[in-house]
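>>> I need the structure of the sequence given here:
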Amino acid sequence: MNLTDSISTIKGVGPRREQVFTDLGIHCIKDILYYFPRRYLDRTTLTSIRELKKGDSVTLIAQVETFGEKKIRRGRMFQIIVSDGTGLLTLNWFNGVRYVKNLFKVGDKIAINGKVEWYNGFSITHPEFERLMDDEDPIKTGTVVPVYPLKQELRSSGLDQRGLRKILKNIFSELDPIPEIMPEGILKNNDLIILDKALREIHFSSDLNELRSATKRLKFDEHFFLQLLLALRKRSVHSLGAKRLIDVGPYFRPISETLDFELTNAQKNVVQDVHLDMKNNYPMNRLIQGDVGCGKTIVAVLISAIAVGNNVQVAIMAPTEILARQHLNSFKEQLDKINISCALLVGKMKKTDRDPIIAGLKNGNISVIIGTHALIQDDVSFQDLGLVIIDEQHRFGVNQRLSLSKKGNNPHSMAMTATPIPRTLAITYHGDMDISIIDELPSDRIPIITKVVEPNRLNKVYKFMRDEVSEGRQCIIVYPLVEESEKSDLAAAVEAHGELSKIQFSNLKVGLIHGRMKVEEKDDVIKKFENNKINVLVSTTVVEVGIDIPNATVMLVEHAERFGLTQLHQLRGRVGRGAKKSYCILVRRNITDASINRLSVMEKTNDGFIIADEDLKLRGPGEFFGLRQSGFFQFKIADMVLDGPLLRQARSEAFTLIDNDKDLTNESNERLKKWFIGDYSQYLDNIRLL
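Numbers count the residues shown, from 1 in each chain. So this is what the prediction gives:
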């Protein structure tokens, strides 16, 4: 038996199970070997019932003495009482576990794993368990037992944990040794065991040390192949030709020398990094990340001035219309000084407004265009697009970014994000890009004071907001997306706007903004808020980016526990942009240990990078940006949150390998290349942008 054999050749897999496995993407022996356990039961150490302590996670072997169902306040509970000769233990299952009732009979021996509780005696709720066969010696169950993610489809085919383990044992008993794919040097450098041993040990490990070695090897492989993909992407970009933007040009200094503030050293360094990139004869591919308020926009303006000074056009794409219009104001403030033409292109523009812009881009009369997805429409073309700037890159798909770049001849590309990205995430999601960090805030920036409050303190908060308005300042109140069973974020914001206008802020001007408003309506509200004709702005999260009102000093976030920390940090960044002390008030309506711990992070620090690290730990990479990256493959065993050192080792090895063998043509890399192409073919079609 070898890795490419069909799943149907395995003993215990008939036509029905073959179809179930196929539906789960398991077609051959290799696929099922990479269907890893989700956890393990450590039966190398068994605990007797008399040794149990509250709070311990334990594994034990016991016999069923009695079982039954009983009524409780909210439904029914199924209980089993077991004994191991040293004492009694109760196992509890609450509603929705009918399948458990028919699994046991008195006298059954079961292996049990779970956390010990105490309520009129020791108990374990919803334990991991397994019935032991009559001829199975409990002493010999003292091993590391794999527990697999058994999806409903597998269960419906009659497959349980024991059955799946039996199938895998059948495979390993007949499987030829798995050929090694990694070069020997990489194995030695990183203290990795061979692949054959790793795959056998990950399923059937003799002890925890062997399991750790197997896990390390297989995690390394996943990180390595992703980094290999990124290294190839980077190499492919460097193989393209691009126009060199060598000169500083006539526009840079007239802007930089007339600013009414001093650029920070971090901003100056980033401008230098970017210009050095644009001098190359291959396209720049750089990510600029920095905390809220660090001054990325003026960096983008200065870089654009350099590009236009080299006789190319610049396109800036933003994820929302509000942000695009905000950028337009910031760019025009500087570019109008030196007569660089700058325009806006967004969706649903009147034909009479849109047509002159389309023509101006085509004939080169417009040098800088700022817009949303409207920039990638088919009829938008440029005379000479030389620089693409994408703001909040993670909000755009790969194909959208590609569509904009295709409107030029390999233009230089700069991405910006106000979401600080932890290092492990940056070198995973953006590992093919060069990264610059603006890690310095303007010296006159006053730290924002953040406070978490319960609803019973809201009257005091509203009074404080009224006091701020009486001093001539402004406030923002944000409502999140609330649970579907209640009402939408829009409904919540509309209702709150009505109530607050009548009760708490009856003598003030209260505005409302949300994503479903017409462009003209949104513009009108923003303009009024900018001109302090609105004292308090009630909003959905549409204000997360793009609102830049120096006079706003209070941000109140309702149901703050429903936001990710990174999003809360973005919202907090909508205030504190002026010379007055500013405040962020987080209203916590659902008090749990998790919400207390999470929101306390916001109170303790204004550092976006610390917050991003915490957010990544709490929510995981898939939800870090508030959305899942479409087209980005899922790890099976690796963990970019916890595997930092291993990830960096894998990255170093992958990039070194491509430096030494750019097309993987060396004989020593032949197996590795074949494996890589087999597993990652879907990501190789458009390698320069994936």
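>>> in the chain, which helix or strand is least confident?
helix 98-101 (a mean of 70; mean pLDDT, DSSP states H and E).
>>> after that one, which helix or strand is next?
Counting by DSSP states H and E, the next helix or strand C-terminal to helix 98-101 is strand 109-115.
>>> could you export that following strand as CSV, CA atoms only?
Extracted as CSV, the C-alpha positions of strand 109-115 are listed here (Å, rounded to 0.1, in the frame of the first residue of the first chain):
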residue,chain,number,x,y,z
LYS,A,109,-15.8,-0.9,31.4
ILE,A,110,-15.2,2.6,30.1
ALA,A,111,-12.2,4.9,29.7
ILE,A,112,-13.1,8.4,30.9
ASN,A,113,-11.4,11.7,30.4
GLY,A,114,-12.6,15.1,31.7
LYS,A,115,-12.4,17.8,34.4
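>>> which elements pack onto that strand?
Judged by 3 or more C-beta pairs under 8 Å, 6 or more residues apart in numbering; DSSP states H and E, strand 109-115 is in contact with strand 57-72, strand 122-125, strand 128-131. Using the backbone N, CA and C atoms, a C-beta is placed for each residue, glycine as well.
>>> how about a cut-off of 10 Å?
strand 39-42, strand 57-72, strand 75-83, strand 88-93, strand 122-125, strand 128-131, strand 144-147 (3 or more C-beta pairs under 10 Å, 6 or more residues apart in numbering; DSSP states H and E).
>>> residue 364 contacts residue 386, correct?
No: Residue 364 is beyond contact range of residue 386, at 11.3 Å (criterion: C-beta atoms under 10 Å).
>>> quickly list what's touching both of the two.
311-313 (C-beta atoms under 10 Å, 6 or more residues apart in numbering).
>>> where does the stretch 251-400 of the chain have low pLDDT?
393-399 (pLDDT under 70).
>>> as a check, name the ranges of all helices in it.
Counting by DSSP state H, counting those that start in this stretch, the stretch 251-400 of the chain has helices at residues 252-256, 265-278, 296-309, 321-335, 351-363, 398-405.
>>> which outside residues touch the first one?
With contacts defined as C-beta under 10 Å, 6+ apart, helix 252-256 is touched by 248, 263, 268, 271, 275, 298, 301-309, 333-335, 337-338, 340.
>>> how far is the top helix by length along the chain from where the chain is centred?
For the chain, the longest helix by residue count, based on DSSP state H, is helix 208-238. Using C-alpha atoms, centre = their mean, to the nearest Å, the mean C-alpha position of helix 208-238 is found 19 Å from that of the whole chain.
>>> what about residue 163, distance to residue 113?
For residue 163, the distance to residue 113 (C-beta to C-beta, to the nearest Å) stands at 19 Å.
>>> which of the two has more residues huddled nearby?
Using other C-beta atoms under 10 Å, the more surrounded residue of residue 163 and residue 113 is residue 113, with 20 against 15.
>>> can you verify my assumption that the more buried one contacts residue 60?
Yes: assessed by C-beta under 10 Å, residue 113 is found in contact with residue 60 at 8.1 Å.
>>> got the CA positions of whichever strand or helix holds residue 618 in PDB?
Element membership for residue 618 (DSSP H and E) is helix 608-619. Extracted C-alpha coordinates of helix 608-619, given in PDB (Å, rounded to 0.1, in the frame of the first residue of the first chain):
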ATOM      1  CA  GLY A 608      -2.100  48.800  19.000                       C
ATOM      2  CA  PHE A 609       0.500  46.200  18.700                       C
ATOM      3  CA  ILE A 610       0.000  44.900  22.200                       C
ATOM      4  CA  ILE A 611      -3.800  44.900  21.600                       C
ATOM      5  CA  ALA A 612      -3.300  43.100  18.300                       C
ATOM      6  CA  ASP A 613      -1.300  40.400  20.000                       C
ATOM      7  CA  GLU A 614      -4.000  39.900  22.600                       C
ATOM      8  CA  ASP A 615      -6.700  39.900  20.000                       C
ATOM      9  CA  LEU A 616      -4.900  37.300  17.900                       C
ATOM     10  CA  LYS A 617      -4.600  35.000  21.000                       C
ATOM     11  CA  LEU A 618      -8.300  35.500  21.900                       C
ATOM     12  CA  ARG A 619      -9.900  35.200  18.400                       C
END
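>>> where are the low-confidence patches of the stretch 51-200 of the chain?
96-99, 134-142.
>>> 80 - rerun?
For the stretch 51-200 of the chain, the stretches with pLDDT under 80 are 72-75, 95-103, 133-143, 151-153, 155-158.
>>> can you pull the buried residues of the longest helix of the chain?
For helix 208-238, a neighbour-count test (16 or more other C-beta atoms under 10 Å) marks 210-211, 213-237 as buried.
>>> against which helices or strands is it packed?
Judged by 3+ C-beta pairs under 10 Å, 6+ apart, the packing partners of helix 208-238 are strand 39-42, strand 144-147, helix 184-189, helix 195-203, strand 285-290, helix 423-429, helix 644-660, helix 670-680.
>>> mind redoing it with 8 Å?
helix 195-203, helix 423-429, helix 644-660, helix 670-680.
>>> any idea which of those helices has the lowest pLDDT on average?
Of all these, the minimum mean pLDDT falls on helix 423-429 (a mean of 77).
>>> next structured bit after that one?
Remark: after helix 423-429, the chain's next helix or strand is strand 434-438, criterion DSSP H and E.
>>> which residue ranges of the stretch 501-650 of the chain form strands?
Assigned by DSSP state E, counting those that start in this stretch, the strands in the stretch 501-650 of the chain fall at 510-513, 536-539, 552-557, 583-587.
>>> tell me which of those strands lies nearest to residue 124.
The minimum distance between residue 124 and the strands of the stretch 501-650 of the chain falls on strand 583-587, with 36.9 Å, by C-beta to C-beta.
>>> now that closest one: mean pLDDT?
95.
>>> and that strand with strand 552-557, angle?
10 degrees (axes from the mean of the first three to the mean of the last three C-alpha atoms, to 10 degrees).
>>> thought residue 219 was touching residue 640?
No: in this structure, residue 219 is not within contact of residue 640 by C-beta atoms under 8 Å, at 10.1 Å.
>>> so how far is residue 162 from residue 62?
Between residue 62 and residue 162 the computed distance is 18 Å (C-beta to C-beta).
>>> out of those two, which sits in the busier spot?
residue 62 (25 against 12).
>>> for the closest residue to the more buried one other than its chain neighbours, give me its contacts.
Of all residues beyond its chain neighbours, the one nearest residue 62 is residue 82 (3.7 Å), with distances taken as C-beta to C-beta, 6 or more residues apart in numbering. Contact analysis of residue 82 by C-beta atoms under 8 Å, 6 or more residues apart in numbering lists 62-65, 88-89, 91, 110, 112.
>>> which residues does residue 82 bridge with?
Applying DSSP bridges to residue 82 gives these bridge partners: residue 64, residue 89.
>>> how about residue 59: what's its closest non-neighbour residue?
Per C-beta to C-beta, 6+ apart, closest to residue 59 is residue 113, 4.8 Å.
>>> want to throw the helices and strands packed on strand 109-115 into CSV with distance to residue 281?
Shown next, in CSV, are the helices and strands packed on strand 109-115 (distance: least, C-beta to C-beta, whole Å):
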stretch, distance to residue 281
strand 39-42, 52
strand 57-72, 59
strand 75-83, 70
strand 88-93, 67
strand 122-125, 65
strand 128-131, 59
strand 144-147, 53
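>>> select, out of those, the one closest to residue 413.
strand 39-42 (41.9 Å).
>>> relative to the closest one, what are the paired strands and their orientations?
strand 144-147 (antiparallel).
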